[in-house]
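Peer 1: Test case, fold it:
(one chain, ligands or ions: 2)
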Amino acid sequence: MTSVLRSILPSSSERTEDLDDDYSVEYSFAIEYNGPPVARDIPQVVPIDVRRIPTASMAARAVVLKNFSLPIIQPIVKSDHSNKKAPAKLNSCSVEAEFQDSEGRLDKFGSSVRVVSRKSENGHDDLDCFSGRLDVEDLEDECKAGVLYGDVEDLDDESMADVSYNNSSNHTISAQKNWYYVTFRDLPSSDGNSEQSYHDEPEVSPHRPMVSNDGKKGLCNRCNKTNRFGEKEFCIVCSAKYCKKCVLRAMGSMPEGRKCIPCIGYRIDESKRGLLGKCSRMLRKMLADDAVKQIMSSEISCEVNQLPPHLICVNDKPLSIEELVLLQSCSNPPKKLRPGKYWYDKVSGFWGKAAGIHCEGNPHFWVTADGSYQHEGMKNVMGKLWEKKRVRIVCAALSLPFPSDTSNPGGDVDKDMDKVMTKNLESKMMNKLLLVGCDQSGTSTIFKQAKIVYNVPFSDDEKQNIKFVIQRNVYHYLCILLEGHARFEEEFLIEMRRQRADKPGPSEYSEQVDESNIYSFSPRLKAFSDWLLQIMMSGNLEAIFPAATREYSPLIEELWKDKAFQATYKRRNELHTLPRVANYFLDRAVEISRIDYEPSQMDILYAEDITSSNGVASMEFSFPKSSQDGYMESSDENNPTIRVHTSSLGENCKWLEMFEDVNLVIYCISLTDYDEYHEDINGIGTNKMMAAKNLFETIITHPTLADKEYLLVLNKYDLLEEKIERVPLSQCDWFQDFNPVPHSANSNNNPSLAQRGFHYVAVKFKRLFSDLTGRKLFVSRATGLEADSVDNALKYCREILKWDDEMQTVSMNEWSSESMEPSTSLGANRSMRRKTVVSDIVFGLRALAGELRLDLGDDEEEDDSWFCSTSLAASSFLVISKNGFLAVILDLNFRCKMDWSELARWWPVGPKGENRVGWLE
Ligand SMILES: Nc1nc2c(ncn2[C@@H]2O[C@H](COP(=O)(O)OP(=O)(O)OP(=O)(O)O)[C@@H](O)[C@H]2O)c(=O)[nH]1
Ligand SMILES: [Mg+2]
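Peer 2: Ligands and ions are numbered 1, 2, ... in the order given. Below you'll find the model as predicted:
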């Protein structure tokens, strides 16, 4: 039988010719033993039933990801990760290794070791595979990653030393003085604590050491030839570079993309993650297009090249694969997720890169005008914002204004400069402000309020005019009530007739109902009412003034006292054409309709249409002396303000040219416009906020006003507070991504919905302005009917202009030649400036949070979809400097587009509140 088989099979000499040199064939056959009995037990081979060997096939990735409950084979991992000296898992059968310091300076940090040789079990020396430099820290990382476990130690001895390590195979490592050696430990047992370990750290693909090119540029790590200009392809795992001749031999068919063969199955070098799928021109030239595509697609999608989830650490907890998959498959996933530590705030839905500072407690910080900050509600000042170097650097980087007196705390030069500048400014303070806005935005209210606040008297003519306007308005309101009265009476009669039909009874009763009911007027009042309505319908209400006040005031009094009219007045809220402000005047309709009526300041303020008739109005005012806020003591400073009605600006705002000499434009917008529409003559409705935005764009890009400073006044904040609770801001198309999380029970400290709405709108306009002009828009919130609010907005104008002037003064170096007289108003000016600066930084950061991408993970590309979209919702960043860091406290209560609420299941916000703090380094 043996001879038959030998004749069928090729002889070993024949085979060798066809095959590689090192290939040889030997046959051996077992024949029955007929010799003498043996003293020892004969080893027996246990037959294997191949069908009973459990086998596993690759599950499709999609299936695994969708159904996490599939059983997963327990990986064999190190039992104790915290202990470096724990039994190690040797990745393969290393038997010999030399670790050499190429620099000759070995210390535990930053030196490198080089594995120059390694022999595998069959004695084959695969030097190529294991050559490479290991950074000591890398080596320690390797140990953690489960490839090699052991200690890196310095050798005392000058000479080569054979070191045994504690492995069952008694392998040795050669090392010499100042060389590192690695003490390998036993293989970990496959039972024991492996299950525990699996839960501690998810399975990871092993990490491979980086390969060095010994500092030689253009070195090919296979042929060791150096060609600086020859193209190279690199291994995405160990960074070894290969020349054109070697690349295919070194990398083979590249089933996992560009990895040299020994690196297959190893994790990629994370610094190369951005390069996945981007191969060199050299490889493209060498391979067919399809092959390149295939390789690149495997490189991107193969399992081992995916980001190991445990490297993404959120709130100090590494992600599991399921969590990472959830993150990457959410509606708006992070585009370039990098390994690192992140924080995540369940309430806001925000996350960002953690800079490693832990914040105890539930911190809400408040920054005061002088830059000091403290925990909310606490008295202890924790530090001063402006004294931090980093704050100053960030302010400079973000072009945020910075109080000049703190830029050099205690510095005399700075103080002197401030004095001089203030003096300069005082002498030439004459600012022209242009106040403009769409219909009903509140410009005339602000204009009137400014007159009242700064004691600019109304002239006699103005007063007379205002009086008639108010009286005419009251007649107009009365007419609206009379229209309502007619409707209410008719509805009432219909109802009565219906009840009469349902309930047949004495007919006299029904007739009585017809004749007099709660809405019926006396014939005299009925005639007056019909006459008034007729005049209003004809649009001639103005024509009866001023005579009406003489002739009809007794009738108005009679009407007011009439029960039917009062019944109507009670239902005034049902009359949508009645302006809100009507309430203020109607209560005093009798008094106002009299000939001797004198409007009070409040009446003037509340009165509609006072300045719109002439379109352009102007006044001069100066900020009053006040020791509290320290505004200019001298009152020779004049600020002419011109209020222009939009109808006077002409088509495409062509009359704006008239305002070439204004210093600052105050653009007023009503915060309640977002859900309101007005119809043009063709009956086409336009959202008022969008109309305001369009006019804003036209004005800021108009050549005459292109280089002016702008203050956006977001007016009617009091009305926004009511409205935003009923009507979402997203009613306006432009505000679609305003998506605040509802207040939670313990949200007393959180900003109100109106505050967040205001910040959101402000940031929207700031961005628009910045996009169109490349400059900075200042924004102020206002309630035109409140004196303080308008006062603050106008003081803000003054601050803006002062900064402007200061900048010019500094740039012209004028200050050095001026006298150094002290100025009493200086300190107070500073205080105001700081207040505005702080508010501006807060604004700036809110606005810039998106652009900065707080994760700061990638500077190559805009990652809008991830962070920018969410930042618009940023409402209550507070800026604080702590431990030398500029921190951004996230207390936003906004949900970003991404559905992070899902992730909240894993990272609830703990009582320590540390999840709520993000740090911007
Ligand atoms: N509640 C409230 N009402 C305001 C505020 N500002 C203005 N109003 C009212 O809004 C209405 C319109 O304000 P105006 O000041 O007349 O607005 P305008 O921009 O001059 O509008 P036109 O004169 O139509 O161009 C008036 O009834 C004001 O009383 C505010 O801050 N809060
Ligand atoms: Mg008006």
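
Peer 1: Just want the residue of the stretch 451-600 of the chain that's nearest ligand 1.
Peer 2: At 4.1 Å from ligand 1, Val581 is the closest residue in the stretch 451-600 of the chain, using C-beta to the nearest ligand atom. No exception for glycine: its C-beta is placed from N, CA and C like everyone else's.

Peer 1: May I see the buried residues of the strand or helix carrying Gln534?
Peer 2: According to DSSP states H and E, Gln534 maps onto helix 523-537. Going by neighbour count (16 or more other C-beta atoms under 10 Å), the buried part of helix 523-537 is 525, 528-529, 532-533, 535-536.

Peer 1: helices and strands around that helix, which ones?
Peer 2: Secondary-structure packing of helix 523-537 (3 or more C-beta pairs under 8 Å, 6 or more residues apart in numbering; DSSP states H and E): helix 460-502, helix 553-561.

Peer 1: switch the cut-off to 10 Å
Peer 2: Using 3 or more C-beta pairs under 10 Å, 6 or more residues apart in numbering; DSSP states H and E, the elements in contact with helix 523-537 are helix 460-502, helix 553-561, helix 563-570.

Peer 1: Quick one: these as JSON lines, columns for mean neighbour count too.
Peer 2: Below are the helices and strands packed on helix 523-537 laid out as JSON lines (neighbours: other C-beta atoms under 10 Å):
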{"stretch": "helix 460-502", "mean neighbour count": "17"}
{"stretch": "helix 553-561", "mean neighbour count": "17"}
{"stretch": "helix 563-570", "mean neighbour count": "16"}
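
Peer 1: before we move on, the earlier item: which of the buried residues of helix 523-537 sits closest to ligand 2?
Peer 2: Using C-beta to the ion, Met536 comes nearest to ligand 2 of these, at 19.8 Å.

Peer 1: ok, and the closest non-adjacent residue to the closest one?
Peer 2: Nearest residue to Met536, sequence neighbours excluded (C-beta to C-beta, 6 or more residues apart in numbering): Cys479, at 4.2 Å.

Peer 1: Let me know the distance separating the one you found from Leu326.
Peer 2: 62 Å (C-beta to C-beta, to the nearest Å).

Peer 1: ok, now His759?
Peer 2: 30 Å.

Peer 1: ok, these two, which is more surrounded?
Peer 2: His759 (25 against 20; other C-beta atoms under 10 Å).

Peer 1: Confirm that that one sits in a helix.
Peer 2: Yes. The assignment for His759 by DSSP: H, G, I helix; E, B strand; the rest coil puts it in a helix.

Peer 1: That one touches Leu720, doesn't it?
Peer 2: No. Using C-beta atoms under 10 Å, His759 is not in contact with Leu720, being 11.7 Å away.

Peer 1: Can you check which residues contact both of the two?
Peer 2: Common contact partners of His759 and Leu720 (C-beta atoms under 10 Å, 6 or more residues apart in numbering): 714, 781.

Peer 1: Please work out how many residues are found near Gly539.
Peer 2: 8.

Peer 1: element containing it, please.
Peer 2: Using DSSP H and E, Gly539 falls outside every helix and strand.

Peer 1: ok, Asp788 to ligand 2 distance?
Peer 2: Asp788 sits at a distance of 21 Å from ligand 2 (criterion: C-beta to the ion, to the nearest Å).

Peer 1: From one end of stretch 583-596 to the other, what's the distance?
Peer 2: 21 Å (C-alpha to C-alpha, to the nearest Å).

Peer 1: List phi and psi for the residue in the stretch 651-800 of the chain that ligand 2 sits nearest to.
Peer 2: Residue nearest to ligand 2 within the stretch 651-800 of the chain: Gly784 (10.1 Å; C-beta to the ion). When read as degrees, to the nearest 10, the backbone of Gly784 gives phi -50, psi -30.

Peer 1: Make 391 the first number, not 1, from now on.
Peer 2: With 391 as the first residue, the last one maps to Gly1174.

Peer 1: Can you give me the domain boundaries for the chain?
Peer 2: Domain assignment for the chain by automatic domain parsing gives 623-695, 730-810+1231-1310, 819-844+1012-1128+1163-1203, 854-996.

Peer 1: could you give me the average pLDDT of the last one?
Peer 2: Pointing back at domain 854-996 there. The pLDDT scores in domain 854-996 average 85.

Peer 1: how about it against ligand 2, any contact?
Peer 2: No. Residues of domain 854-996 are not located near ligand 2 by C-beta under 5 Å from the ion, the shortest gap being 10.2 Å.

Peer 1: mind checking the SS state of Gly667?
Peer 2: Gly667 - assigned by three-state DSSP - is coil.

Peer 1: tell me the contacts of it?
Peer 2: Counted by C-beta under 10 Å, 6+ apart, Gly667 has contacts 647-648, 683, 685-691, 695.

Peer 1: go on, Arg618?
Peer 2: So Arg618 contacts 606-609 (C-beta under 10 Å, 6+ apart).

Peer 1: swap in Arg961?
Peer 2: 871, 874-875, 877-878.

Peer 1: one more time with 8 Å
Peer 2: Applying C-beta atoms under 8 Å, 6 or more residues apart in numbering to Arg961 gives the contacts 874, 878.

Peer 1: distance of it from ligand 2?
Peer 2: Counting by C-beta to the ion, the gap from Arg961 to ligand 2 is 27 Å.

Peer 1: Check Pro847 too.
Peer 2: For Pro847, the distance to ligand 2 - C-beta to the ion - is 20 Å.

Peer 1: and what of Ile884?
Peer 2: 39 Å.

Peer 1: List the residues that contact that residue.
Peer 2: No contacts exist for Ile884 under C-beta under 8 Å, 6+ apart.

Peer 1: Give me the phi and psi for Arg1116.
Peer 2: Main-chain torsions, Arg1116, degrees, to the nearest 10: phi -100, psi -40.

Peer 1: Count the residues that sit near the closest residue to ligand 2 within the stretch 791-940 of the chain.
Peer 2: Closest approach between the stretch 791-940 of the chain and ligand 2, counting by C-beta to the ion: Ser834, at 3.5 Å. Ser834 has 23 neighbours, counted by other C-beta under 10 Å.

Peer 1: and the stretch of helix or strand it belongs to, what does it pack onto?
Peer 2: Using DSSP H and E, the element containing Ser834 is helix 833-843. Judged by 3+ C-beta pairs under 8 Å, 6+ apart, helix 833-843 is in contact with strand 823-827, helix 991-996, strand 1006-1011, strand 1029-1035, strand 1054-1060, strand 1099-1105, helix 1177-1202.

Peer 1: how about it, does it reach ligand 1?
Peer 2: Yes. Contact between helix 833-843 and ligand 1, assessed by C-beta under 6 Å from any ligand atom, occurs at 833-835.

Peer 1: Give me the mean pLDDT for that helix.
Peer 2: 89.

Peer 1: could you redo the helices and strands packed on helix 913-927 as JSON lines and give each row distance to ligand 1?
Peer 2: As requested, these are exported to JSON lines (distance: least, C-beta to the nearest ligand atom, whole Å):
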{"stretch": "helix 850-892", "distance to ligand 1": "10"}
{"stretch": "helix 943-951", "distance to ligand 1": "22"}
{"stretch": "helix 953-960", "distance to ligand 1": "19"}
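
Peer 1: I'd like those laid out as a markdown table, including distance to Glu1010.
Peer 2: Below are the helices and strands packed on helix 913-927 laid out as a markdown table (distance: least, C-beta to C-beta, whole Å):
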| stretch | distance to Glu1010 |
| --- | --- |
| helix 850-892 | 14 |
| helix 943-951 | 37 |
| helix 953-960 | 42 |
